[in-house]
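Undergrad: Here is a sequence together with a model predicted from it:
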Amino acid sequence: MVSIPFDIVGFDLDGTLLDTSGDLAAAVNYAIATDGRPPFPVEAIRPFVGKGAKVMLQRALDASGGYDEAMLERMLPILLDYYEQNLAIHSLPYPGLIAAMDALAAAGVKLAICTNKAERFTIPLLHQIGLSDRFASVVGGDTVGIAKPDPAPIHAMIERAGGGRTIFLGDTINDIAGARNAGIPSIAVSFGFLDGPVEELEADAVIHHYDDLVPLLGRWAA
């Protein structure tokens with residue numbers, strides 16, 4: 001069995017644990033269709049994700065002709081209500097994730113989540129995907145009143161998981177900067193919702209598939 005020099009491995013959710021782009025794109029497209037705008041392909045939505053639903057919608061509206069605040073405030077509840085009813089139609093764990101989680105659990109490592117997704121979506125999504133019982137703590141974007149890159153939600157994730165040496169995986173600058181601000185090392189995943197080269201995130205390491213995670217952690221200096 002591989003020896004892992006961490007007590008907790010923390011994960012972002014969207015674009016890190018799960019590919020949720022299909023369901024997020026469907027919600028965005030449903031909302032903007034109320035203004036007669038054509039749908040975005042899923043690939044176009046991925047770079048819009050990572051800073052919450054409002055920013056995702058703002059980016060989609062900017063890219064499809066612009067918007068005013070009244071339009072944004074009208075469409076946001078439409079997007080959120082649709083998404084809440086359609087959380088896990090297309091969303092799936094990334095390849096290799098389940099095996100990596102099994103190996104980490106077998107090595108005595110606790111798993112945790114810190115996401116900027118609100119709890120009203122995070123908790124039901126994990127339940128519907130069948131991953132609810134895998135995590136020692138789950139902290140959403142509204143759990144502690146502030147989101148990543150502020151370190152407070154990552155600190156809360158660590159504390160609620162029982163504390164100890166922690167490393168964090170993510171796919172956006174909010175994740176990597178949040179880990180840095182919390183004083184813990186980070187791993188960027190190259191398969192997530194990146195809006196630029198993964199190297200620009202300046203994480204401590206990068207993985208391209210979850211098959212790489214456990215061997216990487218096993219080589220990490222204790």
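TA: Sure, I can see it.
Undergrad: Now do stretch 182-191: distance to the chain's middle.
TA: In terms of CA atoms, centre = their mean, to the nearest Å, the centre of stretch 182-191 is set 12 Å apart from its chain centre.
Undergrad: Repeat that for stretch 123-142.
TA: On CA atoms, centre = their mean, the centre of stretch 123-142 falls 11 Å from that of its chain.
Undergrad: ends of that stretch, how far apart?
TA: With CA to CA, to the nearest Å as the measure, stretch 123-142 spans 12 Å from end to end.
Undergrad: any idea of the mean pLDDT in it?
TA: Averaged across stretch 123-142, the pLDDT comes to 98.
Undergrad: Ok, stretch 149-158 next?
TA: The average pLDDT within stretch 149-158 is 99.
Undergrad: Pull the contacting residues for the closest residue to residue 186 other than its chain neighbours.
TA: Excluding the flanking residues, the one nearest residue 186 by CB to CB, 6 or more residues apart in numbering is residue 179, at 3.8 Å. C-beta coordinates here come from the backbone N, C-alpha and C atoms, glycine included. By CB atoms under 8 Å, 6 or more residues apart in numbering, the contact set of residue 179 is 154, 167-168, 170, 185-186, 203.
Undergrad: So which of the residues you listed wins on neighbours?
TA: In terms of neighbours by other CB atoms under 10 Å, the contacts of residue 179 top out with residue 170 at 31 neighbours.
Undergrad: which residues does that one bridge with?
TA: With DSSP bridges applied, residue 170 shows beta-bridge pairing to residue 188.
Undergrad: Please identify the longest helix in the protein, counting by residues.
TA: helix 69-85 (DSSP state H).
Undergrad: what's around residue 197, how many residues?
TA: 8.
Undergrad: whoops, I mixed them up, residue 73
TA: 11.
Undergrad: picking that back up, tell me which of the contacts of residue 179 fall in strands.
TA: Secondary structure assignment by DSSP state E places 167-168, 170, 186 of the contacts of residue 179 in strands.
Undergrad: Redo these as CSV? Include pLDDT.
TA: What follows is the ones in strands among the contacts of residue 179, written out as CSV (pLDDT from 0 to 100):
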residue, pLDDT
167, 99
168, 99
170, 98
186, 99
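Undergrad: And these, which is closest to residue 196?
TA: Residue 196 has its nearest neighbour among the ones in strands among the contacts of residue 179 in residue 170, at 14.1 Å by CB to CB.
Undergrad: Quick one: residues contacting the closest one.
TA: Counted by CB under 8 Å, 6+ apart, residue 170 has contacts 11-12, 16, 176, 178-179, 186-189, 192, 203.
Undergrad: could you dump those to JSON lines with distance to residue 55?
TA: Shown next, in JSON lines, are the contacts of residue 170 (distance: CB to CB, whole Å):
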{"residue": "11", "distance to residue 55": "21"}
{"residue": "12", "distance to residue 55": "15"}
{"residue": "16", "distance to residue 55": "17"}
{"residue": "176", "distance to residue 55": "17"}
{"residue": "178", "distance to residue 55": "16"}
{"residue": "179", "distance to residue 55": "20"}
{"residue": "186", "distance to residue 55": "21"}
{"residue": "187", "distance to residue 55": "24"}
{"residue": "188", "distance to residue 55": "20"}
{"residue": "189", "distance to residue 55": "20"}
{"residue": "192", "distance to residue 55": "16"}
{"residue": "203", "distance to residue 55": "22"}
